[in-house]
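Student: The following block contains a protein sequence and its predicted model.
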Amino acid sequence: MTSAPPVIPAPSRRPARDANDVRPSGGPARTFLKLGGALLTEKAGREAVRADVLARLADEVAAWPGSRASRLVLFHGSGSFAHVAAGETRFLARPGDPDAFARVAASARRLNALVVDALIAAGLPAVGIPGGLVATCADGRVASVRSDLVEDRLVLGLVPALYGDAAPDSVRGSAIASTEPLMIALTEPLAATRIILATDVDGVFSGDPHADAGAVRLEIITPADRDRLVGCLGGARSGVSDVTGGMASKVLGMIDLVTRHPKVEVLIVSGLRHGAVMAALEGDVAAGGTVVRA
C-alpha cells in the first residue's frame, strides 16, 4: 500500500459548519459522505479491499449521532472492483453489450456488499442501493435520478449506501453512472448541505503529494480558482484506468456544484488519517483537508 503523505496540522482558518444545521424546508440538513475507491481498495489489485480501513471508517461513521437520525447518505467508489471490470470488458468501447454491463454491475455490487456488511457490523442499519437503479444516463452523463428510492429508506431510519454503477443510457444503451455525478444530482432533491469526500490524500494539492514532495495543500477552493486548478489536478495514481476521470473531474464537479448551490459546502479529507472522517461529520476543523465553497 502506498504510504500516505505527512499529516499537516489542521489550521483554524474557518468556523466549522454546524453539524445540526436545519435545511430551509425544515427538518435536519442532510450530509453526503463518499468513501473513495482508492481509499477502500488497492486500486492496482483486482477486487482487493482494504478490510482494516473499511472497518475503521465504518466505526467512525457509526460514532456520529446523525447517522442514526436520517441525516446521512453514504456513497462509495469502485476502486479495484468495477473499474477493473470495466477495463477487462472494454465497457466504454461496447456500452450496449449486456455481458459487459452485467459483469461491471456484479463487481460494483460485490464491493457494496462488503461496505454494507461493515456498516452493519459497526451498528448502523445500512442498506445498499445500486447507482444503476437510481440513475438514468444520456450520452454518458447522469440525466435523471430516482431520489424517492433514497428518501424512502431515510424515512425508515436506514442508512442508504449508494455506489457508482453501470446504468441504462438513452443514447448509448448503457454507461457508467459515476459516484460524484450521482451525489451532485441528488444534492437538491435530498436537501444536502454538506458533502464530505474521503480519499487517500489529505485534501487537494498543487501537485501529486505521493510523487511531489513540494506539493502544497490547498486549504480553500472557490469557483474563482477553477481555471488554475485544471493544470495541476491529476487523475488516478495507479496503473489502472479510472473510468470516472480521476481527481480532476471530481474536484471540478464539486466546484460546479457549489457554484449552482452556494449554501452547500464540500470537504475533501484523508480517510487514511484516523479520526478525520469522524471529525468531518461532526463539523470539527480537526478534520483538516480542503474546503470547496462558493
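Tutor: Here it is on my side, so go on.
Student: switch to C-alpha atoms for all contacts and neighbour counts from now on
Tutor: Noted.
Student: ok, now how distant is the closest residue to residue 202 other than its chain neighbours from residue 53?
Tutor: Nearest residue to residue 202, sequence neighbours excluded (Cα to Cα, 6 or more residues apart in numbering): residue 270, at 4.2 Å. In this structure, residue 270 and residue 53 are 12 Å apart, going by Cα to Cα, to the nearest Å.
Student: With residue 126 instead?
Tutor: When Cα to Cα is the yardstick, residue 126 and residue 53 sit 18 Å from each other.
Student: show me the contacts for residue 91.
Tutor: Taking Cα atoms under 8 Å, 6 or more residues apart in numbering as the criterion, residue 91 is in contact with 97, 100, 101, 104.
Student: Show me the shaky parts of this structure.
Tutor: Confidence mapping of the chain against pLDDT under 70 gives the ranges 1-28, 231-246.
Student: Assign the most centrally placed residue in it to helix, strand or coil.
Tutor: Geometric centre of the chain, nearest residue: residue 34, 2.9 Å, by Cα atoms, centre = their mean. Using DSSP: H, G, I helix; E, B strand; the rest coil, the secondary structure recorded for residue 34 is strand.
Student: Do I have it right that it meets residue 74?
Tutor: Yes - taking contact to mean Cα atoms under 8 Å, the distance of 5.9 Å between residue 34 and residue 74 places them in contact.
Student: For the stretch 101-250 of the chain, just list every one of the strands.
Tutor: Ranges of strands within the stretch 101-250 of the chain are 126-130, 135-138, 141-145, 159-163, 165-169, 173-177, 192-199, 204-205, 217-218, 220-221, based on DSSP state E, counting those that start in this stretch.
Student: List of residues touching the third one?
Tutor: Applying Cα under 8 Å, 6+ apart, the contact partners of strand 141-145 are 134, 135, 136, 137, 175, 177, 181, 182, 185, 186.
Student: Mind picking the two most distant members of the residues you listed?
Tutor: Across the contacts of strand 141-145, the longest distance by Cα to Cα is 18.2 Å; it joins 175 and 186.
Student: Compare these two (neighbour count), which wins?
Tutor: In this view residue 175 and residue 186 are compared by other Cα atoms under 10 Å, and residue 175 has more residues nearby, 27 against 21.
Student: who's the more buried one bridged to?
Tutor: For residue 175, the residues forming beta bridges with it (DSSP bridges) are residue 167.
Student: Surely it and residue 167 touch.
Tutor: Yes - contact status for residue 175 versus residue 167: in contact at 5.5 Å, counting by Cα under 8 Å.
Student: Now do the shared contacts for these two.
Tutor: When contacts are counted by Cα under 8 Å, 6+ apart, residue 175 and residue 167 have residue 137 as shared neighbours.
Student: circling back: any chance of the contacts of strand 141-145 in CSV, with distance to residue 257 too?
Tutor: Supplementary listing: the contacts of strand 141-145 in CSV, determined by distance: Cα to Cα, whole Å:
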residue, distance to residue 257
134, 19
135, 18
136, 19
137, 18
175, 22
177, 17
181, 10
182, 12
185, 9
186, 11
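Student: Pick the one among those closest to residue 30.
Tutor: If you rank those by distance to residue 30 using Cα to Cα, residue 186 comes first, at 10.9 Å.
Student: which residues touch that closest one?
Tutor: Applying Cα under 8 Å, 6+ apart, one finds that residue 186 lies in contact with 145, 147.
Student: Same check on the one 3 residues further on?
Tutor: Residues near residue 189 by Cα under 8 Å, 6+ apart: residue 147.
Student: go again using 10 Å as the cut-off
Tutor: Going by Cα atoms under 10 Å, 6 or more residues apart in numbering, residue 189 touches 145, 146, 147, 148, 151.
Student: can you check residue 168 too?
Tutor: 95-96, 101, 132-133, 135-138, 140, 142, 174-177.
Student: Tell me the most packed of those residues, by neighbour count.
Tutor: Ranked by neighbour count (other Cα under 10 Å), the contacts of residue 168 have residue 176 at the top, with 30 neighbours.
Student: That one touches residue 86, doesn't it?
Tutor: Yes - look at residue 176 against residue 86 with Cα atoms under 10 Å: they come within range, at 9.0 Å.
Student: Now the common contact residues for those two.
Tutor: Applying Cα under 10 Å, 6+ apart, one finds that residue 176 and residue 86 are jointly contacted by 92, 95, 101, 104, 105, 166, 243.
Student: what are the ranges of the helices in the stretch 151-294 of the chain?
Tutor: 179-187, 226-230, 246-260, 276-282 (DSSP state H, counting those that start in this stretch).
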